[in-house]
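K.L.:
coordinates only, no sequence provided:
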């Protein structure tokens, strides 16, 4: 057993170190702000598509998304996959090219700066910056937690040390190479994630006898007294409170929508189009990007359900009950039972890699926003000092969510959907729609971001559990309503 653990740990350690080493690649071009933050605008279609895919799919997708249908029915996995496909197609076809044209025309270097340019409003820009810094720190808590779970389990070390190990290679990439290093690293990590997803899918499906046989097996099992057939019904299995209230379908649709459609308005994805080499890179990426996201989603997002057939016969009722409350450990447990040594280490290095890739680009997004849209709005700085500040604040923003992750242990899927959903609600009007609607106004943009942020946060804290309607739905509806109504009432052109 010692040998098997050592081999798996070595593989995970190698992947982690390789990620840090890649940080040296972008060092030469990271001496200017544009070079550091946007890779000197040199990303081609493959780097761009893989970087966006790897940034979006963190450990949350592997652990939280992969394990969710252990609790929810198969409809959750199906709709989570569907909304991801819809979201990524909208991102690449509707948003990407239009965004790139505005960025090239205006010379803006951040999403808040774009909002300030679109609506001629410094206040709108500052509000956007506040939302990005606050909510992305919340989202990164789930990313750190996901990677930390794998590292602490495989290395058999304290969770706190695991979080520190996860943070260090990400910081090396950020500090030495900036966006260029992150993008090259994400190409490597994105390929690894797809390989791990394919292997995980293959091992689990082979064990259950294939998809059809696996589905038919659910008519013969029960989970803690609940008929397995409920995992085959859209209004069937789910969190106990939702089942008791008959609200499982509403909960599934709202959670999956909030995660999948968030792609169209997430600043840490949108900002990477700023780094595109040219418009051709985006045009060619339109085919690559959606295929990568769709393939990964198809392979991962329904596996948790089939893990009942893998795990439950080997677990007691108490352990099953614990997994039904916290499904983040489902996929790692299934892998540890089914997959031979070495390959197991390769697979489990994927969520660690996914966490690092997401951390690097998201920290760059937060740092860029804070420097560009908070500090430089009020203080004039030489470029050399801007770069120094960017690297200092990258360190600070790397440790902030890590610290919160030490005390926050909510289910990964909940944290991701809450953060993603609120960010989506705040920016879908001012950015995604605002790129096309020339009559949108600064009053509409400001009102939309404020209403979206407040509704998303307050609904999630006070009303989500009692209503089983995810905060994304009311936050998005109210934010969009505010954006449209205030824009019509004020009725001034901004562009």
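P.N.:
Noted; the coordinates are in hand. Please read these numbers as outputs of a predicted model, since none were measured by experiment.
K.L.:
CA only for contacts and neighbour counts going forward, please
P.N.:
Fine.
K.L.:
centroid residue for this structure?
P.N.:
residue 56 (4.1 Å; C-alpha atoms, centre = their mean).
K.L.:
need the per-residue pLDDT for it.
P.N.:
Reported pLDDT at residue 56 in the predicted model: 84.
K.L.:
and what of residue 180?
P.N.:
65.
K.L.:
how about residue 36?
P.N.:
So residue 36 comes in at 63 (pLDDT).
K.L.:
next one: residue 20
P.N.:
What the model reports as pLDDT for residue 20 is 68.
K.L.:
cool, the one 10 residues further on as well?
P.N.:
In the prediction, the pLDDT value recorded for residue 30 is 53.
K.L.:
from residue 256, how far out is residue 21?
P.N.:
From residue 21 across to residue 256, the span is 36 Å (C-alpha to C-alpha, to the nearest Å).
K.L.:
neighbour count for those two, which is higher?
P.N.:
Neighbour count, other C-alpha atoms under 10 Å: between residue 21 and residue 256, residue 256 has more, with 26 against 16.
K.L.:
residue 76 is in contact with that one, correct?
P.N.:
Yes - under the criterion of C-alpha atoms under 8 Å, residue 256 makes contact with residue 76 at 7.1 Å.
K.L.:
the least confident helix or strand in the chain by mean pLDDT: what's the following helix or strand?
P.N.:
Every helix and strand of the chain was ranked by mean pLDDT, DSSP states H and E. The lowest is helix 33-38, at a mean of 63. Using DSSP states H and E, the helix or strand that follows helix 33-38 towards the C-terminus is helix 45-56.
K.L.:
residues in contact with that following helix?
P.N.:
182-184, 186-187, 189-191, 193, 263, 268-269, 272-273, 276, 280-285, 288-289, 292-293, 354, 357-359, 361-362 (C-alpha atoms under 8 Å, 6 or more residues apart in numbering).
K.L.:
got the buried residues for the helix or strand where residue 474 lies?
P.N.:
Assigned by DSSP H and E, residue 474 belongs to helix 472-490. If you call a residue buried by 16 or more other C-alpha atoms under 10 Å, then helix 472-490 has these buried ones: 472-487.
K.L.:
residue 425: which of those is nearest?
P.N.:
Among those, residue 476 lies closest to residue 425 (C-alpha to C-alpha), at 4.3 Å.
K.L.:
burial of the residue lying closest to that closest one once chain neighbours are set aside, as a residue count?
P.N.:
Closest residue to residue 476 apart from its sequence neighbours, by C-alpha to C-alpha, 6 or more residues apart in numbering: residue 425 at 4.3 Å. When neighbours are defined as other C-alpha under 10 Å, residue 425 has 31 of them.
K.L.:
try the one 3 residues further on
P.N.:
Under the neighbour criterion other C-alpha under 10 Å, residue 428 is assigned a count of 25.
K.L.:
one more: residue 321?
P.N.:
Residue 321: 14 neighbours (other C-alpha under 10 Å).
K.L.:
what's the answer for residue 226, then?
P.N.:
For residue 226, using other C-alpha under 10 Å, the count is 12.
K.L.:
ditto for residue 378
P.N.:
9.
K.L.:
22 is where my numbering starts, stick with that
P.N.:
Taking 22 as the first residue, the last one we looked at is residue 399.
K.L.:
let me know the average pLDDT across whichever helix or strand residue 314 is part of.
P.N.:
Secondary structure from DSSP H and E places residue 314 in helix 300-321. The average pLDDT within helix 300-321 is 92.
K.L.:
tell me which strands and helices it is in contact with?
P.N.:
helix 66-77, helix 95-111, helix 117-127, helix 199-228 (3 or more C-alpha pairs under 8 Å, 6 or more residues apart in numbering; DSSP states H and E).
K.L.:
now the shortest one: buried residues?
P.N.:
The neighbour-count criterion (16+ other C-alpha under 10 Å) identifies 117, 118, 120, 121, 123, 124 as the buried residues of helix 117-127.
K.L.:
output the contacting helices and strands for it.
P.N.:
Looks like helix 117-127 contacts helix 300-321 (3+ C-alpha pairs under 8 Å, 6+ apart).
K.L.:
other residues contacting the helix it packs on?
P.N.:
Contacts for helix 300-321 (C-alpha under 8 Å, 6+ apart): 64-67, 69-71, 73-74, 82-83, 86-87, 101-102, 105-106, 109-110, 113-114, 117-118, 121, 214-215, 218-219, 221-222, 294, 297.
K.L.:
then stretch 247-263?
P.N.:
With C-alpha under 8 Å, 6+ apart, stretch 247-263 has contacts from 92-97, 236, 239-243, 264, 267-270, 272, 326, 489.
K.L.:
shaky segments in the stretch 72-221 of the chain?
P.N.:
Applying pLDDT under 70 to the stretch 72-221 of the chain flags the ranges 197-203.
K.L.:
at 90 what do you get?
P.N.:
In the predicted model, the stretch 72-221 of the chain carries pLDDT under 90 at residues 72-88, 118-119, 121-132, 134, 154-214.
K.L.:
and the stretch 372-516 of the chain, by the same measure?
P.N.:
372-445, 459, 478, 481-494, 512-516.
K.L.:
what ranges does it have for its helices?
P.N.:
Secondary structure of the stretch 372-516 of the chain by DSSP state H, counting those that start in this stretch: the helices cover 397-399, 404-426, 433-448, 463-483, 485-488, 493-511.
K.L.:
the stretch 222-371 of the chain too?
P.N.:
According to DSSP H, counting those that start in this stretch, the helices that the stretch 222-371 of the chain contains are 232-238, 261-266, 269-281, 288-291, 300-321, 324-332, 338-346, 351-359, 364-391.
K.L.:
of all these, which one is nearest residue 179?
P.N.:
helix 364-391 (15.8 Å).
K.L.:
the closest one versus helix 66-77: what angle between them?
P.N.:
90 degrees (axes from the mean of the first three to the mean of the last three C-alpha atoms, to 10 degrees).
K.L.:
centre of the chain to helix 364-391, how far?
P.N.:
10 Å (C-alpha atoms, centre = their mean, to the nearest Å).
K.L.:
do the same with stretch 182-196
P.N.:
18 Å.
K.L.:
now do it: everything it contacts.
P.N.:
Here stretch 182-196 has contacts from 37-38, 40-45, 165-166, 168-170, 172-173, 202-203, 373, 376-378, 380-381, 384-385, 412, 415-416, 419-420, 423, using C-alpha under 8 Å, 6+ apart.
K.L.:
for residue 111, give me its contacts.
P.N.:
Contacts of residue 111 by C-alpha under 8 Å, 6+ apart are residue 285.
K.L.:
for residue 108, give me its contacts.
P.N.:
281, 282, 283, 284, 285.
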